[in-house]
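**Student:** Provided below for reference: sequence and predicted model.
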Amino acid sequence: MTQTLPIAILLPHGGLAVPPELTNRVALTPAQIFNEADAYVDEIFDYRDRVLHWLNFPFARGILDVNRPDDAALHHRLGDGAVKGQTSYGVPVFHEGLAPDVDMVNSLIATYWRPWHEKLAAIVDDTAVKLVVDCHSMAAIGPSAYDDPTAVRPRVSVSNLGDPFGEPRENWAHISASPQATRLLGQRLGELLADVPDLAPTGAPHALNQPYLGGWGMRIYGGTYKPWLMIELSRALYIGPQTSDSQIVPPNTVLLNLLRERIWQAIVEVTAVL
């Protein structure tokens, strides 16, 4: 029988659906939506029967992003707030003249963003939860409108809002999980995934807090209330090279199952030392 862990698994970026209010406004093609998404994380991290909480946001993160602040002014990248203006490749999300106005943005926040964060708050209040794992995938090469354009990314990254060693940064108030747990998860993921062939160029076997420090939920709740770790799995391991307009790659079920069980082993090991 598979072990049940006292943890929460979050998938804020795995969805592909377009909110019905925006169907005629969105300019992105299905391929562009796919290449913005953390494709197939709902299968790779499908631990819903093994954990206390499993949350998957069903809508496309290229359009709505619950892992961003609800005030776009708080985010440093143009068009990269909760309601997107452009993709990570700089492609406009909405047809010209059809971007949501302030009232519609507020309605989208109330309908989709806020309920997600209410669920996060409930997880934070659940004393049975000992760890939150924020689960993501990332393009193998940094997208052109992001902070690391054309950079070859690590095969897997673990983040705790800290430095490349999992320690606190001088300019940040806290880390979301201990350096020891962060380093252990990164090291074990790197080891357990080492024999999975690369389908696109990759960098280090694993990294900490690179290329991402952590998302909005982690910054609000992580560490202060619960240990909170973020996993970023390179899509080089199961999709291959991507650009904004790359063709949709169908899921390789055998490979996704392998990734799921290897990652689960690392999560089990980390949970045991908390």
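**Tutor:** That came in fine, so what should we check first?

**Student:** which parts of the stretch 51-200 of the chain are helices?
**Tutor:** Shown for the stretch 51-200 of the chain, the helices assigned by DSSP state H, counting those that start in this stretch span residues 102-108, 114-125, 179-192.

**Student:** which of those helices sits closest to residue 6?
**Tutor:** helix 114-125 (11.4 Å; CB to CB). For every residue, glycine as well, the C-beta is placed using N, CA and C.

**Student:** and the closest one, what other elements does it pack with?
**Tutor:** With contacts taken as 3 or more CB pairs under 8 Å, 6 or more residues apart in numbering; DSSP states H and E, helix 114-125 sits against strand 51-56, helix 216-221.

**Student:** could you say which of these is packed most deeply?
**Tutor:** helix 216-221 (a mean of 20; mean count of other CB atoms under 10 Å).

**Student:** what about that one, average pLDDT?
**Tutor:** The pLDDT scores in helix 216-221 average 88.

**Student:** middle-most residue in the protein, spatially?
**Tutor:** In the chain, the residue lying closest to the centroid (CA atoms, centre = their mean) is residue 136, at 3.0 Å.

**Student:** isn't that one right next to residue 9, touching?
**Tutor:** No. Residue 136 is beyond contact range of residue 9, at 11.4 Å (criterion: CB atoms under 8 Å).

**Student:** okay, the helices and strands packed on helix 114-125 in a markdown table with distance to residue 80 next?
**Tutor:** Below are the helices and strands packed on helix 114-125 laid out as a markdown table (distance: least, CB to CB, whole Å):
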| stretch | distance to residue 80 |
| --- | --- |
| strand 51-56 | 21 |
| helix 216-221 | 11 |
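
**Student:** what helices and strands are in contact with the helix or strand bottoming out on mean pLDDT in the chain?
**Tutor:** When each helix and strand of the chain is scored by mean pLDDT, DSSP states H and E, helix 216-221 comes last, with a mean of 88. Counting contacts by 3+ CB pairs under 8 Å, 6+ apart, helix 216-221 packs against helix 114-125, strand 131-138, strand 228-234.

**Student:** before I go, just wanted to say thanks for your time.
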